[in-house]
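Chemist: sequence below, structure please.
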Amino acid sequence: MKTIFYLKTCDTCKRILKALPNTDDFVLQDIKKDPITVAQLDEMKRLAGSYEALFSRRATLYKQRGLKEMQLEEAAYKEYILEHYTFLSRPVIVDGENIFIGNSKKMTEAAIAHLQNE
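Modeler: Numbers count the residues shown, from 1 in each chain. Have a look, this model is predicted:
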């Protein structure tokens, strides 16, 4: 799978997409318009090691629902991500067996370096 899961309205996602080289053969999936499927999320989890690694604690709903005070299990992370797109840390770049999650400088640099070598 060569897919970039992003939010079209997110300026950070747009900035990162512009910086990524060699993405012509990637599918760009706007997760608001085209929600991720269970199969896609399960594949991301396999590559990332956990649903928690894919979960965004920056989401407004995370604070609004008081999830910060709860002890969440893996199944809960999965359900929340499938329930609402804002719970997915983004962008998520999947290139075969490689996955890059989120918008930290370190992750963005790693994704750029990986794609330059493609």
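Chemist: who touches the closest residue to Thr86 other than its chain neighbours in this structure?
Modeler: Computed as C-beta to C-beta, 6 or more residues apart in numbering, the closest residue to Thr86 that is not its neighbour in sequence is Ala59, at 4.2 Å. All C-beta atoms are positioned from the backbone trio N, CA, C, and that covers glycine. Applying C-beta atoms under 8 Å, 6 or more residues apart in numbering, we find Ala59 in contact with His84, Thr86, Phe87.
Chemist: by neighbour count, which of those wins?
Modeler: Within these, most neighbours by other C-beta atoms under 10 Å means Phe87, with 23 neighbours.
Chemist: so what touches the lowest-mean-pLDDT helix or strand in the chain?
Modeler: Here the helix or strand of the chain ranked lowest by mean pLDDT, DSSP states H and E is helix 60-64, holding a mean of 89. Residues external to helix 60-64 that are found in contact with it (C-beta under 8 Å, 6+ apart): Ser56, Leu67, Lys68, His84, Thr86, Phe87.
Chemist: give me the nearest residue to Glu118, chain neighbours excluded.
Modeler: Asn22 (4.8 Å).
Chemist: residue contacts, the one you found?
Modeler: So Asn22 contacts Leu115, Gln116, Glu118 (C-beta under 8 Å, 6+ apart).
Chemist: before I go, just wanted to say thanks for your time.
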